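Engineer: would you be able to build a 3D model of this:
(2 chains)
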Amino acid sequence: MAYSDKVIDHYENPRNVGSLPKDDANVGTGLVGAPECGDVMKLQVKINPHTGVIDDAKFKTFGCGSAIASSSLATEWLKGKTVDQALAIKNTDIVTELALPPVKIHCSVLAEDAIKAAIADYQKKQQQDDKAGVPVGAHAGPTA
Amino acid sequence: MKLPIYMDYHATTPVDPRVLEAMLPYFTEHFGNSASRNHSFGWAAEEAVESARKQVADLLGANAKEIIFTSGATESNNLAIKGAAEMYREKGNHIITCVIEHKAVIDTCKRLEKQGARVTYLPVQKDGRISLDDLRAAITDKTILISIMAANNEIGVLQPVAEIGAIAKEKGILFHTDAVQAAGKVPFDVNQAKADLVSITAHKMYGPKGVGALFVRRRNPRVLLAEQISGGGHERGMRSGTLNVPGIVGLGKAAAICKAEMAAEATRLSALRDRLNAKFHQNLDEIYVNGSMEHRLPHSLNISFAYVEGESLLMGINDVAVSSGSACTSASLEPSYVLKALGAGDDLAHSSIRFGLGRWTTEEEVDYVVDKLTSVVRRLREMSPLYEMVKEGVDLSKMQWVAH
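Structural biologist: Numbering: from 1, shown residues only, chains lettered A, B, ... in the order given. Okay, the predicted model is just below:
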C-alpha cells in the first residue's frame, strides 16, 4: 500500500510522543482500541483550568503507520485549542489532512475517540475534585 | 550489498539463471506443441516435457508417469481434492484437513462442503503441528481423503507427513499433501511419506510462475481423479490443455538443481536463519518465535515482536522485503489465521514478521536486516503504550479494552 507523504512524515517524525503525569488533575488520558484489534492509542491532554485551553498533548500508539500518523496529527491540532474546539475535531478532518484510504478510516475514528476520551477523563477529574471539595491546585480558579 | 533486500522467499523466488537458460529455447526455437505427434517440432517439445517429468519425479522419489503438469499449486490442490472427492464419492464424502492449510486447500474444502461433503478441520498444537491422536479420532468409515500440508507457508513448520501417511494407508484413505514449501528445500519422498497425491509449484523453488505439478500415485493404490479441466485429454486425461512447455522445462530444471544442491543449501540457510534468530534474541526482549523450531524448514523464521504492530514495522524497513501476519497487511483486515490457530493471541499475530531466506541470501544481508529491524522495533516500542504499560507492571490481559 502506498502511504501519503503526510502519513510518512508523521510516522518518521512523530510529533509529541510521550506521556504526561496521568494522576495530575489537569491531565486527561484517553486509552482506546485493543491489542487484539491491532491498534491501541493513548492520548493525553494537559488543560489550563483557568482558560480551558490545551497547553500540552502527548500520545503513544501501537498500530499501523496510519494510526501513528492520526494520533500524531491529533496532538498537533489539540495544542492551543479550547476544550470545545478540541471536541469539534472530526475524524473526517484527519482523513482529509492525511489522505487516508478507505481501509484506514478506522485509524482516524480511533484518534477522534482518543481525543474525546482524554477530555472526558479530564472533565471527570475536575468534577470529582469539585465534589470532594479538594482544591484543584494553586492555579485552580472558580469553575462554572 | 544491494538494496532492497529480498527476504520473502516463501512468497516467491526469483528464477535461477540456469533455469531461465534451459527454458529460453522453448519459447522461440523449439516452440512446438508437445501434443503434435507427427512432426519434429512436436517431438522436440514432447521430449523436453518428458525429460522434465523425469526430473520432477526424481526430486519426489516418484515414477515419471505419476507426474501431472498443472498451472501451479492452487490448481494442483484443487485437482487433487475436488478430483478425488468426485471420483470416490460412492465410497464416502468425508475429508480431513487442518486449520492452517493454505487457502487453496481450505477454500477448496469449503466449496465441497457446500456441495454436500463433510470436512473436518483439525486444530494444531502450540508448535503448529497437528496431533496424530486428533487425526485418528477424526477418521470415519466415510473418510476418503486426508489433506495435510508438508510445510506451512507462514510459520515454516513441518507436519509429520510420514506418520500421517502411515495412518492413511492403514485405514485405506487417500493422503494428499501440499508440498509447495517443502519440495526442493527438505528431503521429501512420496514413498516415505506414503503420499498418494502431492502438489508442488515451480516458483517456490527458483522456477517460473504459472507452472506446477501434481503427483498422482499409479500403483498401490492406483489413484484416479475426476478431471477438473476438460478438453483434449492431456496428462492422462486428468488435466487437459496445451502444455506450457517452456514453463515445464523450467520446473524440471529447477527440480534437478534443488535435488543436487538441497543438502548444501539447507545447511547454509539454516545457519543463516539461526544467526538471524540468535541476533534478534540478543538485541531485543519480548520476542517470540511462532511455531516449532525443531520441525521447521531450514530457511524459515517467523517472529512476533511484542507491543509493535507489524505494518508499522514494515513501514520502517522499506528496503527489506518481508511479510507480516498483521491484519493491516492483509486484504481481509483479519490477522493471520495461521498464527491465531497457534493460540498465542491475536496481539502476537499483529506483531509477527515472516523471514524467508533463500538461494541468494548472504550473511551481510542477515546482519543488515537484524540491525535495521532492531532499531525500528526499539523506536516503535518507545512509541507503544503497551510496551510502556508492561514496563510499569500492568498486566495487559487483565485490562478492559474497548474493542472497535
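Engineer: CA atoms for contacts and neighbours, from now on please.
Structural biologist: OK.
Engineer: how about the residues of chain A by chain B?
Structural biologist: Within chain A, the positions adjacent to chain B are A:17-18, A:32-42, A:59-65 by C-alpha under 8 Å from any C-alpha of the partner chain.
Engineer: mind giving me the PyMOL select for the residues you listed, buried ones only?
Structural biologist: Here is the PyMOL command that selects only those of those that count as buried (16 or more other C-alpha atoms under 10 Å in any protein chain shown):
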select buried, chain A and resi 17+18+32+33+34+35+36+37+38+39+40+41+42+59+60+61+62+63+64+65
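Engineer: nearest to chain A within the stretch 101-250 of chain B, name that residue for me.
Structural biologist: Proximity of the stretch 101-250 of chain B to chain A (C-alpha to the nearest C-alpha) peaks at B:K126, 18.2 Å away.
Engineer: residue contacts, that residue?
Structural biologist: Each residue near B:K126 by C-alpha atoms under 8 Å, 6 or more residues apart in numbering or on different chains is listed here: B:G291, B:L342, B:G343, B:A344.
Engineer: lowest-confidence helix or strand of chain B?
Structural biologist: Within chain B, no helix or strand scores below helix B:346-350, which has a mean of 88 by mean pLDDT, DSSP states H and E.
Engineer: what comes into contact with that one?
Structural biologist: A:35-38, B:304-307, B:309-310, B:324-327, B:335-336, B:339-340.
Engineer: can you give me the helices for the stretch 251-400 of chain B?
Structural biologist: Under the criterion DSSP state H, counting those that start in this stretch, the stretch 251-400 of chain B contains helices at B:310-315, B:337-341, B:346-350, B:363-382, B:385-391.
Engineer: most packed of these?
Structural biologist: With neighbours taken as mean count of other C-alpha atoms under 10 Å in any protein chain shown, these reach their highest mean count in helix B:346-350, at a mean of 28.
Engineer: how far away from the center of its chain is that helix?
Structural biologist: 21 Å (C-alpha atoms, centre = their mean, to the nearest Å).
Engineer: same check on stretch B:345-358?
Structural biologist: 16 Å.
Engineer: compute the first-to-last residue distance for that stretch.
Structural biologist: 29 Å (C-alpha to C-alpha, to the nearest Å).
Engineer: ok, now stretch B:78-94?
Structural biologist: 16 Å.
Engineer: contact partners of it?
Structural biologist: B:104-105, B:108-109, B:112, B:116-120, B:140-145, B:147, B:176, B:197, B:214, B:224-228.
Engineer: looking at the stretch 151-300 of chain B, what residue ends up closest to chain A?
Structural biologist: Counting by C-alpha to the nearest C-alpha, the stretch 151-300 of chain B gets nearest to chain A through B:E286 (15.2 Å).
Engineer: against chain A, how distant is the spatially closest residue to B:N33 that is not a sequence neighbour?
Structural biologist: The shortest distance from B:N33 to any non-neighbouring residue, by C-alpha to C-alpha, 6 or more residues apart in numbering or on different chains, is to B:G42 (5.1 Å). The gap separating B:G42 from chain A is 45 Å, by C-alpha to the nearest C-alpha, to the nearest Å.
Engineer: do the same with B:V15
Structural biologist: 25 Å.
Engineer: quick one on the thing from earlier: return the subset of the contacts of stretch B:78-94 lying in strands.
Structural biologist: If you go by DSSP state E, the contacts of stretch B:78-94 have B:R118, B:V119, B:T120, B:T143, B:I144, B:L145, B:S147, B:H176, B:L197, B:L214 in strands.
Engineer: next, format the residues you listed as JSON lines and append neighbour count, pLDDT and distance to B:A183.
Structural biologist: Listed next are the ones in strands among the contacts of stretch B:78-94 as JSON lines, based on neighbours: other C-alpha atoms under 10 Å in any protein chain shown; pLDDT from 0 to 100; distance: C-alpha to C-alpha, whole Å:
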{"residue": "B:R118", "neighbour count": "17", "pLDDT": "98", "distance to B:A183": "29"}
{"residue": "B:V119", "neighbour count": "21", "pLDDT": "98", "distance to B:A183": "26"}
{"residue": "B:T120", "neighbour count": "17", "pLDDT": "98", "distance to B:A183": "26"}
{"residue": "B:T143", "neighbour count": "22", "pLDDT": "98", "distance to B:A183": "27"}
{"residue": "B:I144", "neighbour count": "24", "pLDDT": "98", "distance to B:A183": "25"}
{"residue": "B:L145", "neighbour count": "27", "pLDDT": "98", "distance to B:A183": "21"}
{"residue": "B:S147", "neighbour count": "26", "pLDDT": "98", "distance to B:A183": "16"}
{"residue": "B:H176", "neighbour count": "29", "pLDDT": "98", "distance to B:A183": "14"}
{"residue": "B:L197", "neighbour count": "27", "pLDDT": "98", "distance to B:A183": "13"}
{"residue": "B:L214", "neighbour count": "28", "pLDDT": "98", "distance to B:A183": "12"}
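Engineer: residue boundaries of the strands in the stretch 151-300 of chain B?
Structural biologist: Using DSSP state E, counting those that start in this stretch, the strands assigned to the stretch 151-300 of chain B run over residues B:174-178, B:197-201, B:212-216, B:287-289, B:300-305.
Engineer: right, so these: which one is the most enclosed?
Structural biologist: Highest mean neighbour count among these (mean count of other C-alpha under 10 Å): strand B:197-201, a mean of 29.
Engineer: counting by contacts, list what that one packs against.
Structural biologist: helix B:73-87, strand B:174-178, strand B:212-216 (3 or more C-alpha pairs under 8 Å, 6 or more residues apart in numbering or on different chains; DSSP states H and E).
Engineer: which parts of chain A are strands?
Structural biologist: A:27-34, A:39-48, A:53-62.
Engineer: now do the contacts for the residue nearest to B:I353 when sequence neighbours are not counted.
Structural biologist: Among residues not flanking B:I353 along the chain, B:S324 sits closest, at 4.4 Å (C-alpha to C-alpha, 6+ apart). B:S324 sits next to B:G310, B:E311, B:L314, B:H350, B:S351, B:S352, B:I353, B:R354 when contact means C-alpha under 8 Å, 6+ apart.
Engineer: just A:A74 next, same as before
Structural biologist: A:I94, A:A111, A:E112, A:I115.
Engineer: now with 7 Å, please.
Structural biologist: Each residue near A:A74 by C-alpha atoms under 7 Å, 6 or more residues apart in numbering or on different chains is listed here: A:A111.
Engineer: just the pLDDT for it.
Structural biologist: The per-residue pLDDT reported for A:A74 equals 97.
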